[in-house]
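[1] Structure here, sequence nowhere to be found:
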């Protein structure tokens, strides 16, 4: 019986490998799938993972078109590669999986750079600054985590830095976890959880766009950055992205991206705080 199972597993793996090779994918030493820049160009299409429900960073508008800060960037990447984009809607928890299985070539989905994630994917140079933030209902604004009661719950999205930070640093605080941004948003609006922990860019946008909410904590934990991610070991695409980000910095591309996609939500006061040009993070004053 064990021999039969091993044989079936071997046949299945061989079929997966064959299908991936036919699709133009390369394999790393540990059978992680990726495509090089030349393979992407030859195929005529790049697969980019973005959020579909996180306005104003990545979302689908009323016409069924992808829009947002990350999407604006994705469009330029495809243009400079000379290929079309195949957008792949992703959730926070499956960003790494989508890279490791070859479902996407690049992730542009508010992906915060962390040491833990860098062990599983390769991050290119950053294009945005970020920290964690806390948004709560106006009738009970949380301004310090010491105000969280023993029976209170903080809403988080699985697979995010907010979840990781709170589990590590505040293990006694109860978390209400959701797999998608939409589910977390709906639950929070319906009264689940005393507050919602997420990237500060996202909670600030939520409070601006929805009445009755206040960002009581604008910065929690360390200051981090957001960057594109590629499959671990895909040096060809990683090097191309780094060169591209440096070149775009010379034309202040990400400031233009901000003004086209984020200024309506945040205004211009946050522009220089959030935008990273050329992959160079400004030193804190």
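    Nice, thanks for sending it over. This is a predicted model, so every value here is computed, not measured.

[2] show me the contacts for residue 140.
    When contacts are counted by C-beta atoms under 8 Å, 6 or more residues apart in numbering, residue 140 is found next to residue 194. The C-beta positions use only the backbone N, C-alpha and C, and glycine is treated the same way.

[3] Same question for residue 126.
    Residue 126 makes contacts with 113, 225, 226, 227, 276, 279, 281, as judged by C-beta under 8 Å, 6+ apart.

[4] Could you do residue 198 as well?
    Going by C-beta under 8 Å, 6+ apart, residue 198 touches 132, 133, 135, 156, 157, 160, 162, 184.

[5] related to what we said a few turns ago, between the contacts of residue 126, which sits nearest residue 257?
    Checking these against residue 257 with C-beta to C-beta, the nearest one is residue 276 at 11.0 Å.

[6] Can you report how many residues lie near the closest one?
    When neighbours are counted by other C-beta atoms under 10 Å, residue 276 registers 20.

[7] repeat for residue 264
    Count around residue 264 with other C-beta under 10 Å applied: 10.

[8] Can you tell me which helices and strands the helix or strand where residue 86 lies packs against?
    Using DSSP states H and E, residue 86 maps to strand 84-89. Packing partners of strand 84-89 (3 or more C-beta pairs under 8 Å, 6 or more residues apart in numbering; DSSP states H and E): strand 45-50, helix 69-81.

[9] I would like the residues contacting whatever helix or strand comes next after it, please.
    Counting by DSSP H and E, the next helix or strand C-terminal to strand 84-89 is helix 95-100. With C-beta under 8 Å, 6+ apart as the contact definition, helix 95-100 has outside contacts at 32-34, 49, 88, 90, 103-104, 107, 109, 111, 117, 120-121, 159, 229-232.

[10] Now for residue 79, how many residues are close by?
    Counted with other C-beta under 10 Å, residue 79 comes out at 11.

[11] contacting residues for it?
    No residues are in contact with residue 79 under the rule C-beta under 8 Å, 6+ apart.

[12] Distance-wise, check it relative to residue 244.
    11 Å (C-beta to C-beta, to the nearest Å).

[13] got it, and residue 136?
    Residue 136 sits 39 Å away from residue 244, going by C-beta to C-beta.

[14] Neighbour count for the two, which is higher?
    Neighbours per residue, other C-beta under 10 Å: of residue 136 and residue 244, the larger number sits with residue 136, 24 against 20.

[15] Name all residues that make contact with the more buried one.
    Here residue 136 is in contact with 142, 194, 195, 196, 213, 214, 216 (C-beta under 8 Å, 6+ apart).

[16] Confirm it sits in a strand?
    Yes - membership of residue 136 in a strand is supported by DSSP: H, G, I helix; E, B strand; the rest coil.

[17] Can you tell me the closest non-neighbouring residue to it?
    Spatial nearest neighbour of residue 136, chain neighbours left out: residue 195 (3.8 Å); criterion: C-beta to C-beta, 6 or more residues apart in numbering.

[18] pretty sure that neighbour is touching residue 149, no?
    No - counting by C-beta atoms under 8 Å, residue 195 stays clear of residue 149, with 11.5 Å between them.

[19] Comparing these two, which shows the higher neighbour count?
    Taking other C-beta under 10 Å, residue 195 and residue 149 do not tie; residue 195 has more neighbours (26 against 9).

[20] Run a quick neighbour tally on residue 54.
    26.

[21] typo on my end, it should be residue 194
    Neighbours around residue 194, by other C-beta under 10 Å: 22.
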